[in-house]
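*Asks:* Here's a sequence, model it:
(one chain, ligands or ions: 1)
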Amino acid sequence: MAAPMEDLCWTMMKFAWDNYKQYALGKNELRPLTKNGHIGNMFGGLRGATVVDALDTLYVMELHEEFQEAKDWVEESFDLNVNGEASLFEVNIRYVGGLLAAYYLTGEEVFKSKALELGEKLLPAFNTPTGIPRGVINLGSGMSWSWGWASAGSSILAEFGSLHLEFLHLSALSGNPVYTDKVMNIRKVLNRIEKPQGLYPNFLSPVTGNWVQHHVSIGGLGDSFYEYLIKSWLMSDKKDAEAKLMYDNALEAIEKHLVKKSAGGLTYIAEWRGGILDHKMGHLACFSGGMIALGAEHAAEEQKHHYMELAAEITNTCHESYARSETKLGPEAFRFDSGIEATATRLSDRYYILRPEVVESYLYLWRLTHDPKYRQWGWEAVQALEKNCRVEGGFSGIRDVYSINPSHDNMQQSFFLAETLKYLYLLFCEDDVLSLEDWVFNTEAHPLPVNRTGSLLKANMQ
Ligand code: DMJ
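*Replies:* Sure thing, here's the model as predicted:
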């Protein structure tokens with residue numbers, strides 16, 4: 001039953017890539033309705049986000065010709081001598097992560113040297129009184145600053161907390177411990193400060209090292225910080241005990257304070273605003289089913305079952321957010337109040353931008369339980385994407401998942417090729433294709449190898 005599904009994911013990837021190549025090669029994303037490229041302002045003058053994000057997916061799907069096209073572009077046209085405001089986080093997870101994964105999968109030096117060259121350009125962001133990096137950096141001048149929208153010049157938990165995996169590999173490949181030092185220092189700062197009820201707020205001052213606001217979320221602004229704790233431990237071949245302890249404690253606090261059950265029996269993770277719960281779950285928070293399942297595998301014997309159940313319940317809720325819409329795709333955020341369950345109430349939350357988090361959880365739950373319902377749910381998502389998001393010039397996000405005939409947002413996000421299509425493809429493959437024993441996926445689904453030789457940990461200890 002899996003082969004035709006695997007084939008369809010392959011065909012979708014080829015279609016997404018071919019259209020990007022035809023209309024937007026070298027731009028950051030494809031605009032599939034107008035058939036042109038989009039540059040945006042997240043990558044500070046860097047181009048080709050879709051190329052770098054797509055490399056490993058093309059490779060794993062054995063789209064040889066297309067992979068070669070992507071590699072040629074990196075070799076011939078990927079220019080790192082750029083100026084402009086870049087998000088440290090986005091450049092790290094998409095570009096550094098994509099290049100590292102391409103290097104580890106293929107052994108091609110070009111990917112390694114570009115990753116190292118780019119990694120070095122990110123270092124000035126850490127020149128702050130605490131060593132907590134600022135969110136925005138000019139890759140040319142090295143000047144860095146905080147996002148204008150982040151309160152009181154703060155840095156964002158999910159952003160400075162999602163560098164660890166890539167930075168350990170940068171140290172290992174360059175022989176330069178500086179990257180490891182930077183991320184270990186972040187951990188030190190986080191371990192030093194008091195956590196309200198054991199929770200990690202989303203905003204931290206890079207100047208004082210104190211929390212700036214008490215907003216806690218497992219969705220946007222917080223999400224991948226938690227993911228990188230458990231994955232740091234896994235990537236260290238289970239030797240980085242500090243990361244595991246931080247993950248276990250954080251999850252315990254999340255479960256105690258944020259996990260709720262709706263009147264209709266759906267488990268969800270609420271957001272926390274200084275002690276007051278907001279009964280809302282973002283699409284982004286739906287990665288947590290997969291993360292909790294991954295951690296459950298390695299929890300204490302008496303907790304394994306409990307955490308696996310929790311992971312399955314959250315994933316079920318996220319599936320409900322898809323199943324309750326007209327398009328069978330889920331909204332950007334859904335709520336549990338005033339009799340509403342797993343449904344967006346605000347017009348502004350009804351869009352779907354080809355995000356991966358729900359199918360990401362299906363993949364982990366499938367690999368860890370082999371319950372066929374996860375493949376079934378993945379298949380529903382594939383059909384919904386084909387029906388609602390495929391347009392003549394590629395795949396597009398939609399503006400309203402509750403509309404029978406949704407209008408398109410004219411954007412094929414690079415993470416659709418890096419994550420959504422990769423996770424769907426892997427869901428229908430054998431478990432040994434990018435096995436969870438040997439690889440950890442960074443938060444953009446770029447696979448990084450588990451470090452069996454201890455070399456990353458040694459760098460870690462310096
Ligand atoms: C991706 O860039 C990453 O998964 C990130 O961690 C969160 N947002 C997008 C996809 O939704």
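*Asks:* So, low pLDDT: which residues of the stretch 1-150 of the chain?
*Replies:* Counting by pLDDT under 70, the stretch 1-150 of the chain shows low-confidence ranges at 1.
*Asks:* Kindly report the residues of the chain close to the ligand.
*Replies:* S224, L284, R355, P356, F415, E419, T443, E444 (C-beta under 6 Å from any ligand atom). The C-beta positions use only the backbone N, C-alpha and C, and glycine is treated the same way.
*Asks:* So which of the residues you listed are in helices?
*Replies:* Per DSSP state H, helices hold the following members of the residues of the chain next to the ligand: S224, F415.
*Asks:* In a markdown table, list the residues of the chain next to the ligand along with pLDDT.
*Replies:* Formatted as a markdown table, these follow (pLDDT from 0 to 100):
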| residue | pLDDT |
| --- | --- |
| S224 | 98 |
| L284 | 98 |
| R355 | 99 |
| P356 | 99 |
| F415 | 99 |
| E419 | 99 |
| T443 | 99 |
| E444 | 99 |
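*Asks:* Out of the residues of the chain next to the ligand, the closest to W149 would be?
*Replies:* Comparing the residues of the chain next to the ligand against W149 with C-beta to C-beta places L284 closest, at 16.7 Å.
*Asks:* how about the residue nearest to that closest one when sequence neighbours are not counted, what does it touch?
*Replies:* With sequence-adjacent residues excluded and distances taken as C-beta to C-beta, 6 or more residues apart in numbering, L284 is closest to G219, at 4.3 Å. Residues in contact with G219 (C-beta atoms under 8 Å, 6 or more residues apart in numbering) are I269, E271, M281, G282, H283, L284, A285, A333.
*Asks:* surely the last one meets T343?
*Replies:* What that stands for is A333. No - under the criterion of C-beta atoms under 8 Å, A333 is not in contact with T343, lying 10.1 Å apart.
*Asks:* Compare the two (neighbour count), which wins?
*Replies:* A333 (22 against 18; other C-beta atoms under 10 Å).
*Asks:* Out of the contacts of G219, who's the most crowded?
*Replies:* Counting by other C-beta under 10 Å, top hit in those: M281 with 29 neighbours.
*Asks:* in the sheet, who's paired with that one?
*Replies:* F334 (DSSP bridges).
*Asks:* circling back: do you know the pLDDT at the residue nearest to L284?
*Replies:* With respect to pLDDT, G219 scores 98.
*Asks:* Quick check: phi and psi at it.
*Replies:* phi -90, psi -150 (degrees, to the nearest 10).
*Asks:* Distance of it relative to W147?
*Replies:* 17 Å (C-beta to C-beta, to the nearest Å).
*Asks:* Spell out, range by range, the helices that occur in the stretch 1-150 of the chain.
*Replies:* 2-24, 49-60, 64-77, 88-90, 97-106, 109-122 (DSSP state H, counting those that start in this stretch).
*Asks:* so how far is the first one from its chain's centroid?
*Replies:* To tie it back to what came earlier, the one meant is helix 2-24. 21 Å (C-alpha atoms, centre = their mean, to the nearest Å).
*Asks:* and which of the contacts of G219 is nearest to V74?
*Replies:* Nearest to V74 among the contacts of G219, with distances taken as C-beta to C-beta, is L284, at 28.4 Å.
*Asks:* mind listing what the closest one touches?
*Replies:* Residues in contact with L284 (C-beta under 8 Å, 6+ apart) are G219, G220, D223, R355, E357.
*Asks:* ok, now with 7 Å
*Replies:* L284 makes contact with G219, G220, D223, E357, according to C-beta atoms under 7 Å, 6 or more residues apart in numbering.
*Asks:* Equivalent analysis for H283, please.
*Replies:* The contact partners of H283, taken as C-beta under 7 Å, 6+ apart, are G330, P331, E332, A333, R355, E357.
*Asks:* Most neighbours out of those, which is it?
*Replies:* That'd be G330 among those, by other C-beta under 10 Å, with 28 neighbours.
*Asks:* I'd like to know how far L448 sits from the ligand.
*Replies:* 15 Å (C-beta to the nearest ligand atom, to the nearest Å).
*Asks:* Work out the sheet partners of the host helix or strand of that residue and label each with its direction, please.
*Replies:* According to DSSP states H and E, L448 maps onto strand 447-449. When pairing is defined by DSSP bridges, strand 447-449 lines up against strand 439-441 (antiparallel).
*Asks:* Need the contact partners of the partner strand.
*Replies:* L165, K231, L234, M235, P447, L448, P449, V450.
*Asks:* Let's see that with 8 Å instead.
*Replies:* Under C-beta under 8 Å, 6+ apart, the answer for strand 439-441 is L165, K231, L234, M235, L434, P447, L448, P449, V450.
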